[in-house]
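[1] Here's my sequence, what's the structure:
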Amino acid sequence: MATMQLDIVTAERLVSSEEVELLVVPGINGELGILPRHAPLLTALAPGEIRVVKNGEESFVAISGGFMEVIGNKVTILADTAERADEIDAERAEEALARAQEQLDTRSADIDLGRAMASIRKSQARLKVARRRRPRREPGAPRSG
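    Down below sits the predicted model:
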């Protein structure tokens with residue numbers, strides 16, 4: 001199967017660099033599916049999960065937003081933050097979500113509504129990815145091993 005190079009980077013580190021078959025990212029206007037030899041593209045990304053398919057296996061990365069560039073057969077994601085499923089502490093993510101929701105519920109005059117909403121979206125993405133810890137096969141893909 002055809003592949004493309006995927007690099008996911010943050011200001012702190014290289015999160016992932018690998019050849020992949022399919023990529024689904026959270027665009028600001030909805031999900032975007034990227035296959036090898038995709039047309040050139042530069043777009044902003046929303047907080048959410050990135051679904052990566054490699055050798056018929058799915059893996060997931062939570063991001064809090066960023067940008068994606070597709071040029072040639074290479075995809076570069078510059079993420080504000082990015083965490084693979086095995087890096088996420090689900091309990092801490094749940095606590096962060098509860099704190100952000102509590103801030104919204106109290107609606108004090110000094111609350112930064114935009115920041116609270118961004119925190120909720122980030123925590124929800126982290127929880128969703130954390131709950132997908134084990135890689136899954138793409139439907140119809142052969143079993144490995």
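[2] how's this structure carved up into domains?
    4-86, 89-128 (automatic domain parsing).
[3] from the chain's centre, how far out does the longest one sit?
    Which is domain 4-86. 7 Å (Cα atoms, centre = their mean, to the nearest Å).
[4] That domain: end-to-end distance?
    23 Å (Cα to Cα, to the nearest Å).
[5] And for stretch 40-49?
    22 Å.
[6] got the contact list for that stretch?
    Identification of contacts with stretch 40-49 by Cβ atoms under 8 Å, 6 or more residues apart in numbering yields 25-28, 32, 34, 60-71, 77, 79, 118, 121-122, 124-125, 128-129, 132. Yep, even glycine has a C-beta here, placed from its N, CA and C like the rest.
[7] mind listing the strands for the chain?
    For the chain, strands defined by DSSP state E occupy the ranges 4-9, 14-20, 22-27, 30-34, 41-45, 48-54, 57-63, 66-71, 74-79, 82-84, 136-137.
[8] returning to that earlier point: deepest-packed of the domains of the chain, please.
    Highest mean neighbour count among those (mean count of other Cβ atoms under 10 Å): domain 4-86, with a mean of 17.
[9] which residues touch the residue nearest to residue 77 when sequence neighbours are not counted?
    Using Cβ to Cβ, 6 or more residues apart in numbering and skipping residues adjacent in sequence, the residue nearest residue 77 is residue 8, 4.6 Å away. Residue 8 sits next to 14-17, 50, 61, 63, 77, 79, 82 when contact means Cβ under 8 Å, 6+ apart.
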